[in-house]
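K.L.:
Would you be able to build a 3D model of this:
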Amino acid sequence: MSLAEAATLSNGIKMPWVGLGVYKMDDGEQVVKAVKSALSLGYRHIDTASFYDNEEGVGRAIRESDVPREELFVTTKVWNDEQGYDETLRAFERSMNKLGLDYLDLYLIHWPVGSKFKETWKAMEKLYKEGKVKAIGVCNFMQHHLEELMKDGEIKPMVNQVEFHPALYQKELSEFCHQHEIQMEAWAPLARGKYFDAAILKQLAEKYNKTPAQIMLKWDLHHNVVTIPKSANKDRQAQNADLFDFDLKDDEVLRINELHNGERIGFHPDEFNNQ
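P.N.:
Model (predicted):
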């Protein structure tokens, strides 16, 4: 595998296994420089969101890079206060204007806002049918949210981006998504460094001459989960991408699984802005 390797979504679209997350990067030189450095290292997958308020910088970096648009996989997301049918269509246009792109590779519902996400999904289906978006999906959806969405939706979500790391190994959700051909994607795959001192991660890092962060990211890939570590630092970006010259053994993956304790870095989807 390499940074060019991609998962195949249920509709045949290719989504690179490793991408760059840009949450909390400033919409200016910081995000422009971060995206450009990632692209120069071979990253082809960039993940932003309306809420991050840096879509303009992401778009600028893409335009100023020498990477052809068709080689890139760009994701953005509709925020909670933009949800609803008409609101989502307007939010999409705002995001596209900021990004300065002709089409989007993946558009996601950022959180399952209880009274609105079905109408939001109808708008996303419209955008998909019109060819403005190559794939549509969701973030932070639990199994019951997915079941509710699929009950009435015409198109199944192609991606579910959720908090996923060894301490929050969402096994049942992962199995449900796999069963329904929904690609899982991990945000906060490094749990903000909280578990780098875990004995098993340190042992494996020493064994493979890697860092605990690289072991965690490789663990994602072993679970067939797309991963989007965030870093504005080029050296760290290179490190996060240096995952393809070693493989974890099955028993090592199982030992990392045992770090699961259900602890979240972010909010629980049933408790966050769910109105």
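K.L.:
Residue ranges in the stretch 101-250 of the chain under the pLDDT threshold?
P.N.:
Counting by pLDDT under 70, not a single residue of the stretch 101-250 of the chain qualifies.
K.L.:
so where do the strands sit in it?
P.N.:
Along the stretch 101-250 of the chain, counting by DSSP state E, counting those that start in this stretch, strands occupy 106-109, 136-139, 159-163, 183-187, 226-227.
K.L.:
Name the nearest residue to Phe92, ignoring sequence neighbours.
P.N.:
Excluding the flanking residues, the one nearest Phe92 by Cβ to Cβ, 6 or more residues apart in numbering is Leu127, at 5.9 Å. In short, each C-beta sits where N, CA and C put it, glycine included.
K.L.:
residues touching that neighbour, list them.
P.N.:
89, 92, 107, 133, 136 (Cβ atoms under 8 Å, 6 or more residues apart in numbering).
K.L.:
residues contacting the closest residue to the third one other than its chain neighbours?
P.N.:
Take Tyr107 and drop its neighbours on the chain: the residue closest to it by Cβ to Cβ, 6+ apart is Val133, 4.6 Å away. The contact partners of Val133, by Cβ under 8 Å, 6+ apart, come to 92, 103-107, 124, 127.
K.L.:
Relative to Lys218, how far out is Val133?
P.N.:
Shown here: Val133 relative to Lys218, a distance of 30 Å by Cβ to Cβ, to the nearest Å.
K.L.:
before we move on, back to that, can you tell me which of the contacts of Val133 are in helices?
P.N.:
Per DSSP state H, helices hold the following members of the contacts of Val133: 92, 124, 127.
K.L.:
burial count for Thr8?
P.N.:
11 (other Cβ atoms under 10 Å).
K.L.:
cool, and Asn97?
P.N.:
Applying other Cβ under 10 Å, we find 12 residues neighbouring Asn97.
K.L.:
TSV please, covering the strands of the stretch 101-250 of the chain and showing mean neighbour count and distance to His145.
P.N.:
Compiled in TSV, the strands of the stretch 101-250 of the chain are given as follows (neighbours: other Cβ atoms under 10 Å; distance: least, Cβ to Cβ, whole Å):
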stretch	mean neighbour count	distance to His145
strand 106-109	27	9
strand 136-139	25	7
strand 159-163	25	9
strand 183-187	24	14
strand 226-227	26	19
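K.L.:
Kindly reformat those strands as a markdown table containing distance to Ile13.
P.N.:
Converted to a markdown table, those look like this (distance: least, Cβ to Cβ, whole Å):
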| stretch | distance to Ile13 |
| --- | --- |
| strand 106-109 | 8 |
| strand 136-139 | 10 |
| strand 159-163 | 10 |
| strand 183-187 | 10 |
| strand 226-227 | 12 |
